[in-house]
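S.K.: Return a 3D structure for these sequence lines:
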Amino acid sequence: MSLENPTGDKVKVTLSDLFIQFLIIGAVSFGGGIIAYERILLIEKRKWLSADEFMGYLAISQTMPGLNSVNLAVLAGDHLRGIWGAVIAALGLILPGSLFVLIIGIAYTNNNNHPLANLLLTGIAAGACGLLAAITYRIGDEHWKHLKSVIIIACTFGLMSIAKLSLPLVLLIMAPISIYLYRPKLQP
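M.R.: Got it, this is the predicted structure:
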């Protein structure tokens, strides 16, 4: 299938290329960092999607059940190559992680009392947190320049992390405030 990338050039996306690219993402990323790698692949490296298309698909993926990164792979794969693109992108993305978790699970079950096991898991968790922070910063690149966006982010962080409120309650508090602050301005 040929698509026009954001620069207007025709792009030929093969199923094998789609699988390999998402397989690489699945193999080199942990935790929330997957979205960052998907953004780099789809927008910057391959130019298969525009930034607006990516953000639209990311927003849709967050409303669907399941992992956002897998949902995003399905949506992007469907956009690029239809149903087979969706299946191939999802399989490529989840295959390395599934194998990794299976192997680590077997190893941990057999060695769960070893002190190195908990140190390794702590290191993996720290890496995942760092990648999640990086993608949050990268996706919100323009919002970090606006004071009201930073205040909304800080308040949301405070309500979730410091006040320990549940996500639905934080959404009930912050969504109306955010919508009000970013409401369209009526032209006279």
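S.K.: for this structure, what spans make up the strands?
M.R.: 2-4, 10-12 (DSSP state E).
S.K.: Pick out the shakiest of the ones you listed, pLDDT-wise.
M.R.: When the strands of the chain are ranked by mean pLDDT, strand 2-4 comes last with a mean of 57.
S.K.: Can you list the buried residues in stretch 123-131?
M.R.: Neighbour-count burial for stretch 123-131, counted by 16 or more other Cβ atoms under 10 Å, picks out Ala128, Leu131. In short, each C-beta sits where N, CA and C put it, glycine included.
S.K.: same deal with stretch 33-43?
M.R.: Per 16+ other Cβ under 10 Å, stretch 33-43 contains these buried residues: Gly33, Ile34, Ile35, Ala36, Tyr37, Glu38, Arg39, Leu41, Leu42, Ile43.
S.K.: Tell me the one of the residues you listed nearest Val170?
M.R.: Top of the list for closeness to Val170, among the buried residues of stretch 33-43 and by Cβ to Cβ, is Ile35 at 20.2 Å.
S.K.: For the closest one, which residues are in contact?
M.R.: Contacts for Ile35 (Cβ atoms under 8 Å, 6 or more residues apart in numbering) come out as Leu58, Asn68, Ser69, Leu72, Ile135, Ile139.
S.K.: name the helices or strands packed onto the lengthiest helix in the chain?
M.R.: Taking DSSP state H as the criterion, the chain has its longest helix at helix 68-111. Here helix 68-111 is seen to pack against helix 15-28, helix 33-39, helix 51-63, helix 115-139 when contacts are counted using 3 or more Cβ pairs under 8 Å, 6 or more residues apart in numbering; DSSP states H and E.
S.K.: Helix 115-139 and that helix, what's the angle between them?
M.R.: Put simply, helix 68-111 runs at 170 degrees to helix 115-139, going by axes from the mean of the first three to the mean of the last three Cα atoms, to 10 degrees.
S.K.: Of all the helices and strands packed on helix 68-111, which one comes closest to Leu172?
M.R.: With respect to Leu172, and counting by Cβ to Cβ, the nearest of the helices and strands packed on helix 68-111 is helix 51-63 at 16.7 Å.
S.K.: what pLDDT, on average, does that closest one get?
M.R.: Helix 51-63 shows a mean pLDDT of 93.
S.K.: of the buried residues of stretch 33-43, closest to Gly85?
M.R.: Of all these, Leu42 has the smallest distance to Gly85: 12.3 Å, by Cβ to Cβ.
S.K.: List the contacts of that closest one.
M.R.: Taking Cβ under 8 Å, 6+ apart, we find Leu42 in contact with Trp48, Leu49, Phe54, Ala76.
S.K.: Present those as TSV; the columns should include neighbour count.
M.R.: TSV is the format used below for those (neighbours: other Cβ atoms under 10 Å):
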residue	neighbour count
Trp48	22
Leu49	23
Phe54	20
Ala76	26
